[in-house]
Structures are given as structure tokens and as C-alpha cells.
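Undergrad: A predicted structure for the sequence below; I have some questions about it.
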Amino acid sequence: SVQTLTDTPEHVKNFRPKLLVLSGNPTHRIPLIDFGNLITKKLSLLVCSHVVTENKPKNIGKLKEDVQGWMKKQKVSGFYNVLQNSNFEEGASACLALSGLGRLAPNMLLLGFRTEW
């Protein structure tokens, strides 16, 4: 259980990378999600986060459901988190602070590289 995991001491032999991927909508960043899935070897935590910076209301529940279904269809073992904020930096900081629980908190951050700056 999660409580047993919390009581297990950290050691080199039981280290698993737990990723937080700031991917935006994962259906638009498939290679980044595949890379994160390869790093975790489908054994440890993978959280894909999406910061929506639009001010207009969005059906976040429907978006979560659709993307989680897409991840299951693509055989990506992970979770999808979406957050609405007017400022991307504040939204990304909130994703970092709110993702995970105890030992299931991410210990690595994965970002994509934009080709158009």
C-alpha cells in the first residue's frame, strides 16, 4: 500500500524515476510522452501536466476524461493533470507543488523544447 511505500527507506537499488512532464495536451506532444514512458519503464510514476492559460471557461473534467482515455489507448501508464491559470509560470509552479503524495511525488521534471521561439 501507499503507507508501506512511505515507510520504505530510500536506497540506490530501489530508486525509480518519477516524472512530472509539462507536456500541455499530450495528444499534441506524443514523442515527449513516449520518451517519458520509456524513462519510467511503465513501472514508476508518470504525471502529464497541462497548464491552460485561456481565461474563458473550459470543461476540464471532460478534457481529463478524454486525455486519460487516449493515454490508456496508447498504453501509456500514467496520470493526466490539467490546471487553469492566467499565468503559465504560476500554473507550472502549482503543478510542481500539487503533484504526488509522499513517496509518490515526482523527483524529475521533463520539459519539451520548442522549435519556434
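TA: Cool, got the structure.
Undergrad: so what's Cys48 bridging to?
TA: Val21, Tyr80 (DSSP bridges).
Undergrad: State which helix of the chain is the longest.
TA: With secondary structure taken from DSSP state H, the chain has its longest helix at helix 60-73.
Undergrad: quick one: contacts of that one?
TA: Asn25, Pro26, Thr27, Ile33, Cys48, His50, Val52, Gly78, Phe79, Tyr80, Val82, Gln84 (Cβ atoms under 8 Å, 6 or more residues apart in numbering). Heads up, the C-betas are built off the backbone N, CA and C, glycines and all.
Undergrad: Name all residues that make contact with the fourth one.
TA: Applying Cβ under 8 Å, 6+ apart, we find Ile33 in contact with Val21, Ser23, Pro26, Cys48, Met71, Gln74, Val76, Gly78.
Undergrad: Count the neighbours of the fifth one for me.
TA: The reference is to Met71. 20 (other Cβ atoms under 10 Å).
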